[in-house]
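J.: Show me how the following folds:
(chains A, B and C, ligands or ions: 3)
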Amino acid sequence: MAEMVRKASAFEIFNHWVLAISCLLLALSGYGFLFKLEGITALFGGANAMKDIHNYLGIVFTLSLFLSIFNWLKDALSFDSDDIKWIACAGGYLSKHPKVPPMGKLNTGQKLYYLALLAFGIAIAISGFVIWLMPGQRNYIILSHLVHNISFVVLMIAVPVHIYLATIANPGTFRIMVYGTVPYKWAAKRHPKWIQELSHGK
Amino acid sequence: MGRKALLISPELCIGCRACQVACKSWQQLPADKTKNTGSYENPGDLTPNLYNKIRFVEVPSQENPVRWLFVSQRCMHCDDAGCMKICPAPGALYKTKEGIVAFNKDKCIGCKLCVAGCPFDVPRYDEKGKISKCNLCEDRVAENMIPACAKTCPTGSIKYGDWDEMVASSKKAGYEKLYGQMDLGGLGVLYAFKDTPKLYGLNERPQIPESIVFWHNVLKPLAYIGLGGVVAASALHYLLIGPHKEEEEV
Amino acid sequence: MTNHWIDVKNADVILVMGGNPASNHPISMKWIMKAREKGAKLIVVDPRFTQTAAKADIYAQIRSGTDIAFLGGMIKYIIDNNLYFKEYVINYTDAPFIVKEDFKMPGELDGLYSGYDEKTRKYDKATWSFQMDENGLPKRDNSLKDPRSVFQLLKKHYSRYTIDKVSEVTGTPKEKLLQVYKTYASTGKPNRVGTELYAMGWTQHTVGTQNIRAMSIIQLLLGNIGMAGGGINALRGESNVQGATDYGVLFHILTGYNPTPSASLVDLKSYIEKFTPKTKETRSVNWWSNRPKYITSYLKAIYGSKATEENDYCYSYLPKLDDGMNASWLNLFDNMYKGKFEGFFAWGQNPACSSANANKVRKALAKLKWMVNVNLWENETSTFWKGPEMNPKDIETEVFMLPCSASMEKEGSISNSGRLAQWRYKAVEPYGQSLPDAEIMNELYYRVKRLYQKEGGKFPDPIINLTWDYGEKDKDGKVKHLDIHAVAKEINGYYLEDVYDKKVDPPKLIGKKGELINGFPNLQADGTTSCGNWLYCGSYAHVDGKIVNKMAKRGKDDPTGLGLFPNWAWSWPLNRRVIYNRASVDPKGNPWDPNRAIIKWNPTKINPATNKPGMWEGDIPDGPAPPLADEKAGKLPFIMKPLGVASLFGAGLADGPFPEHYEPLECPLQENPFSKKQRINPTIKLFYSKEGGLQEDIFLSCDVRFPYVCSTYRVTEHWQTGVMTRHTPWLLELQPQLFVEISKELAAEKNIKTGDKVIVSSARGKVWAIANVTDRLKPFKVMNSTIHQVGLPYHYGWKFPVDGSGGDTANLLTPTVGDPNTMIPESKAFMVNIEKA
Ligand code: HEM
Ligand code: SF4
Ligand code: SF4
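T.: Ligands and ions are numbered 1, 2, ... in the order given. Here you go, the predicted model:
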């Protein structure tokens, strides 16, 4: 077996799953609400149960999002000139033999994705709580409803891209969510700056 | 069968509130505990146990000490109903073939979004948080009876019948345009009066909040198109360009 | 009502004065609105801008208790401007009759008519009569010019009611007065009709009867009586109060308005002699000449075979009043207060709240040994002993509660204001142990009778001999379940023998023994018919051999298009829907207004009854006789009047032949602007005066401590003292608490805001109420000073809601004084004060 480096701690793995599952379930139930899909409400045991699940998963999602800050925010905020190059070549995803600039622990796309997730996650969370807990406050509700839904649309574009890229589009990535480790070589290739940092740190 | 309407003529209303009680009686709604607050009007607002309420409005008059207006306040059964638009629960709000915006408490999830979508501030919520509002006696109507309020009103101030017929007969009676005739696709509750709607405490131009319209027309489709687009693009990407493989391993 | 509810739709002008139908008779507004749709004008005259006023074309504000001034001004206006219906007035009223020379009027005697006796506070009415000609008929002047003619006297009397004076007294602006007068007087034309709707706003005054008389005069001058869309229409305060009076539930009448005998009328002969009017007028039907038939048939109904010619048909069994005795409400409770009663049945009533000066009544109840309360609920009367200001320890009255069932829990008939008797069915079983009133009476009757039979007693015969054939009896002779149909049939009456019309030869069979009589013209004075109430004879009858309960009919046909609906239920008399309808046609029998022909003489149609040409079409006419112009058989229209014509000159009343304005017992004025010496109606009974009387009955007029005019009234949501409605949560929700309506001006003076709790007090008591500050009440300008009027409903009581949140009855404020003719208390005009609580 090749040499492995740890990219995510056990806790991080756990939190990622919590975030992902809660988000997906929220999204699924969200679609159920948005289009009044009885097929989906049935999955959750009826619309009433779905509402409760959606609301309480909201708490889970929010907590999880909050904890994710410790995992990713610092990395997501470190930009340099390579990021511009990364964007210029679209992360190399448009070519079969990509040449991508060297990346840190997170690549530019991941960083942007995380920031978007955080921003719209906070937005959808706050607006969601307003809708849930401040009924009757007409103006707040109307605004929150809008924010909730805009965020939803954004997330419904961002999340699937993320899932695609993290799974079949980049074989080997998904194991981070299972083991937390990646082959050293894979990491050196994809996240050379991070590996550098790691070795310096040692 | 075509669309039905309730035609309210405040000029015929005597404020007897028979309709208010008949409504409670048919719908079996409990009484609210109230106090006299210095007016005949009671309760002061629609409540989960009060679907139809007569407003008593005093306005200045030239001729007389005052003008005293009586007008029924309730769900308007909008054709383009904000409450239905925004409601996230399947089957909680629905339209009957008569055009009634009816509700099903079992399916209502108590999210209370509908009142935000309603241009008339109508829906109220019972102790379980479920929607409560006029349903035009949907059950009576289904049995070819008229709503309890219309049945009870002694003066014909509340009439029930075909929407077109109500508009036509009012026109004959000299009401060129009814309140609600043009709004929100035409309200299911029309008002015949010659004064300004404001006098009767009615919204001059009732509208569903713009953000809700925007959401309905733009965001909702986007939520589908966005997700669909992303999935399709991913699939395309996978097929045309393929996964990002490590060259060494090839 | 002379007419009926639906008939209001036929009017051109509707005057609502002394009533508030939108609140208290909401269904009537259906017909008012129908009339308005066709262009009719609605005039509302009321101290308050009411829910009815909100729908009016003309609203005039009037100070409580000044209706006669207002209407007197209208009479003057009609006469001065020649707007009366001359042909009608000359032919159908007493306007041309010549009055005795020594008859004097208030204008001449400073507020009094001739014949007043200060000591008894009564009139000797000898001068209040007509000069007679050699045929025993009143002298007349058809030109109406004779200064002693009723018409000229009327004109003279009301010449004092100038527009300025009326405006000063009533507080109604002159322009408003003129607007009302002009609009209403427009119905003096044959093709225009006006109707008047009144209720307690007219009756509950010390001049109550005269308020209605004043309007009757107007209606007669304008030719509006007998017409479709016309008449004088009392909106009765209870669904069946018409029935209550028809059935004699009053001290002074038996059923069918037969007077209660007095002690000096020792036998049936003297009774008949006294109460059967005679007339020399051959064209008069003089309907009361039938009195002997009605009273005899009544006695036969209640004493059956026990009533024979030999024993005067048991006339001696009837309870008698002492001569001159008035046993009406106020006197009754006055006597109770003075300890003159041992026991009291409060049956379906709540005097502790409903009675004027309720404090006195509450104290009077404490003087009783026992009281039986027959009611749906425990009310303020049955629990008076634990009420406010009561010390249960000091009260010895033993109270029994008999729960009775509500109208929905039993079958029977009710008679509405339009005299329409409608049969109603039981909707639900009686609640708990409650019983229908009739079943309670059945029990009571049986037990009292048994006691008499076992123990004897002073005068058992009237009880023991009563007929009581109301269903199957058990072995003790007690009716097991009272069959209400048997009662209805007894009321209708039976042929007790085969009855023949002996005027024709050979005598023609009218009815077979045992059959139900089909109409009071067939009643007999010789004991061969029975009838519990002649007015209802024909309501439950044999028709072509079959028994028909006509009150249960539900036909929806309306052949005249005037809303008579002759096959819907049954209306007395004889299913006539508009009484005095013969006044709606000219002497030849042609309708004054062909577009509103309530009846019409068809001279060619063969009358099946007589087999001769000529018969009436439309409503049931007031008697089948041909029209007045028929020289041999023609009859005058006002069939209840001995002279066949309507009375502008009302000599029958206690307080004068023409209505005169007097101030209410409590009023804001020092003097009556019309007559300095007589501030108040000189014939009212004073329970309290400078000379003495009970402190409880105190009144304070023109007293700075009680400066505001007050009226009590009702709201839609509650009924009477509110016992039924306060217990109905849906209704309590709408009107939960006693409130008092006051003007913004007064509120500002008193620093009261809407919704504030205030104390309303009178010389007799006080209540708290929630202030409703509104523009619907406005201060008046009366005799150059500003007068405030307030008003409050009387539906509340301390007993329920149990937390006391409703308040108490407004009758704690009202005075002990009544109309001299009816003794109806003056709850519509008295003086109060208001202070922030
Ligand atoms: C984070 C905390 C969240 C809370 C407290 C929350 C709360 C709510 C509430 C109260 C509603 C209204 C219906 C209902 O009562 O169930 C709602 C609707 C919805 N939520 Fe959430 N939500 C949260 C997160 C999310 C997320 C992460 C998504 C999707 C990614 C989402 C998607 C939706 C959608 C699509 C709707 C339906 C919108 C509509 O029909 O108006 N929500 N949410
Ligand atoms: S009035 Fe309000 S509750 Fe009624 S249908 Fe319209 S939007 Fe819905
Ligand atoms: S029943 Fe008719 S008249 Fe009475 S309050 Fe209702 S709408 Fe008005």
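J.: What is the top helix by length along chain B packed up against?
T.: The helix spanning the most residues in chain B, taking DSSP state H as the definition, is helix B:220-240. Under the contact criterion of 3 or more C-beta pairs under 8 Å, 6 or more residues apart in numbering or on different chains; DSSP states H and E, helix B:220-240 touches helix A:10-34, helix A:138-166. From N, CA and C alone the C-beta is placed, and that goes for glycine too.
J.: out of these, which comes closest to ligand 1?
T.: Closest to ligand 1 of these is helix A:10-34 (C-beta to the nearest ligand atom; 2.7 Å).
J.: what angle sits between the closest one and helix B:220-240?
T.: Helix A:10-34 and helix B:220-240 are oriented at 130 degrees to each other (axes from the mean of the first three to the mean of the last three C-alpha atoms, to 10 degrees).
J.: Just the buried residues of helix A:10-34, please?
T.: Neighbour counts over helix A:10-34 (16 or more other C-beta atoms under 10 Å in any protein chain shown) mark A:12-13, A:15-16, A:18-20, A:22-23, A:25-34 as buried.
J.: Confirm for me that C:Trp370 is in contact with C:Glu342.
T.: Yes - under the criterion of C-beta atoms under 8 Å, C:Trp370 makes contact with C:Glu342 at 7.0 Å.
J.: Now list whatever residues contact both of these two.
T.: The contact sets of C:Trp370 and C:Glu342 do not overlap (C-beta atoms under 8 Å, 6 or more residues apart in numbering or on different chains).
J.: roughly how far apart are C:Ile98 and C:Lys139?
T.: Note on C:Ile98: its distance to C:Lys139, by C-beta to C-beta, to the nearest Å, is 4 Å.
J.: Which one's more surrounded, those two?
T.: C:Ile98 (20 against 16; other C-beta atoms under 10 Å in any protein chain shown).
J.: Look up how far C:Glu439 lies from that one.
T.: C:Ile98 is 58 Å from C:Glu439, by C-beta to C-beta.
J.: what's the answer for C:Leu177, then?
T.: Taking C-beta to C-beta, one finds C:Leu177 at 54 Å from C:Glu439.
J.: Which of these two has more residues huddled nearby?
T.: Higher neighbour count among C:Leu177 and C:Glu439: C:Leu177, with 23 against 18, using other C-beta under 10 Å.
J.: Can you name the element that comes right after the helix or strand where the more buried one lies?
T.: Assigning secondary structure by DSSP states H and E places C:Leu177 in helix C:174-185. On the C-terminal side of helix C:174-185, the nearest following helix or strand under DSSP H and E is strand C:194-198.
J.: ok and that next one relative to helix C:174-185, angle-wise?
T.: With the same axes, to 10 degrees applied, the angle from strand C:194-198 to helix C:174-185 works out at 120 degrees.
J.: In chain C, which residue is most central in space?
T.: Nearest to the geometric centre of chain C sits C:Ala234, at 6.8 Å (C-alpha atoms, centre = their mean).
J.: From ligand 3, how far off is that one?
T.: Separation of C:Ala234 from ligand 3 (C-beta to the nearest ligand atom, to the nearest Å) stands at 23 Å.
J.: How about C:Pro173?
T.: Applying C-beta to the nearest ligand atom, the value for C:Pro173 to ligand 3 is 30 Å.
J.: for that residue, what are its contacts?
T.: The neighbours of C:Pro173, taking C-beta under 8 Å, 6+ apart as the test, are C:Ser167.
J.: Could you report the pLDDT at it?
T.: Confidence at C:Pro173, expressed as pLDDT, is 97.
J.: Would you mind listing what in chain B touches chain C?
T.: B:12, B:14-18, B:20-21, B:24-25, B:30-40, B:42-43, B:58, B:60, B:63-70, B:154-156 (C-beta under 8 Å from any C-beta of the partner chain).
J.: Of those residues, which count as buried by neighbour count?
T.: By 16+ other C-beta under 10 Å, these give B:12, B:14-18, B:20-21, B:24, B:31-32, B:34, B:36-40, B:42-43, B:58, B:64-70, B:154-156 as buried.
J.: Touching, A:Leu118 and A:Ile69? I think so.
T.: Yes - if you go by C-beta under 8 Å, A:Leu118 and A:Ile69 touch, sitting 7.2 Å apart.
J.: Now C:Ser64. Its backbone dihedrals?
T.: Phi and psi for C:Ser64, reported as degrees, to the nearest 10, are phi -50, psi 130.
J.: if I look at C:Tyr452, how far off is C:Arg362?
T.: For C:Tyr452, the distance to C:Arg362 - C-beta to C-beta - is 34 Å.
J.: pLDDT weak spots in chain B?
T.: For chain B, the stretches with pLDDT under 70 are B:1, B:245-250.
J.: where along it do the helices fall?
T.: Assigned by DSSP H, chain B shows helices spanning B:18-27, B:82-86, B:114-117, B:138-142, B:148-152, B:163-172, B:210-214, B:220-240.
J.: what does chain A give?
T.: Applying DSSP H to chain A gives helices spanning A:10-34, A:38-43, A:47-68, A:74-76, A:81-88, A:108-133, A:138-166, A:184-190, A:192-201.
J.: remind me which residues of chain A are low pLDDT?
T.: Scanning chain A for pLDDT under 70 picks out the ranges A:1-2, A:201-202.
J.: residues contacting residue 5?
T.: If you meant another chain, say so; for now it's chain A. For A:Val5, the contact set (C-beta under 8 Å, 6+ apart) comprises A:181-184, A:187, A:195, A:198.
J.: That was the other one, I meant chain C.
T.: By C-beta under 8 Å, 6+ apart, the residues touching C:Trp5 are C:27-28, C:31, C:416-418.
J.: For A:Tyr184, see how far away the residue of chain C found nearest ligand 1 is.
T.: In chain C, the residue that lies nearest ligand 1 is C:Glu733 (31.6 Å; C-beta to the nearest ligand atom). C:Glu733 sits at a distance of 78 Å from A:Tyr184 (criterion: C-beta to C-beta).
J.: ditto for B:Ala150
T.: Noted for B:Ala150: a distance of 81 Å to A:Tyr184, by C-beta to C-beta.
J.: what about the two, which has more around it?
T.: Each of B:Ala150 and A:Tyr184 has its neighbours counted (other C-beta under 10 Å); B:Ala150 has more, 22 against 14.
J.: What's opposite the nearest residue to that one once chain neighbours are set aside in the beta bridge?
T.: Excluding the flanking residues, the one nearest B:Ala150 by C-beta to C-beta, 6 or more residues apart in numbering or on different chains is B:Tyr160, at 4.1 Å. With DSSP bridges as the criterion, B:Tyr160 is bridged to B:Leu6.
J.: what's the answer for A:Pro183, then?
T.: A:Met4.
J.: Touching, it and A:Met4? I think so.
T.: Yes - here A:Pro183 reaches A:Met4: they are 6.1 Å apart, a contact under C-beta under 8 Å.
J.: nearest residue to C:Gly555 other than its sequence neighbours?
T.: Leaving out its chain neighbours, the residue that sits closest to C:Gly555 by C-beta to C-beta, 6+ apart is C:Asn567, at 2.6 Å.
J.: what sits against that neighbour?
T.: Neighbour list for C:Asn567: C:553-557 [criterion: C-beta under 8 Å, 6+ apart].
J.: give me the residue from chain C nearest ligand 3.
T.: C:Pro26 (6.3 Å).
J.: quick one: contacts for the spatially closest residue to that residue that is not a sequence neighbour?
T.: Residue nearest to C:Pro26 in three dimensions, not counting chain neighbours: B:Cys16, with 3.9 Å by C-beta to C-beta, 6+ apart. When contacts are counted by C-beta under 8 Å, 6+ apart, B:Cys16 touches B:154, C:22-23, C:26, C:29, C:51, C:716.
J.: Where does chain A get nearest to chain C, residue-wise?
T.: Relative to chain C, the nearest point of chain A is A:Gly136 (22.4 Å; C-beta to the nearest C-beta).
J.: right, and that residue touches B:Cys114 too?
T.: No - here A:Gly136 does not reach B:Cys114: they are 11.6 Å apart, not a contact under C-beta under 8 Å.
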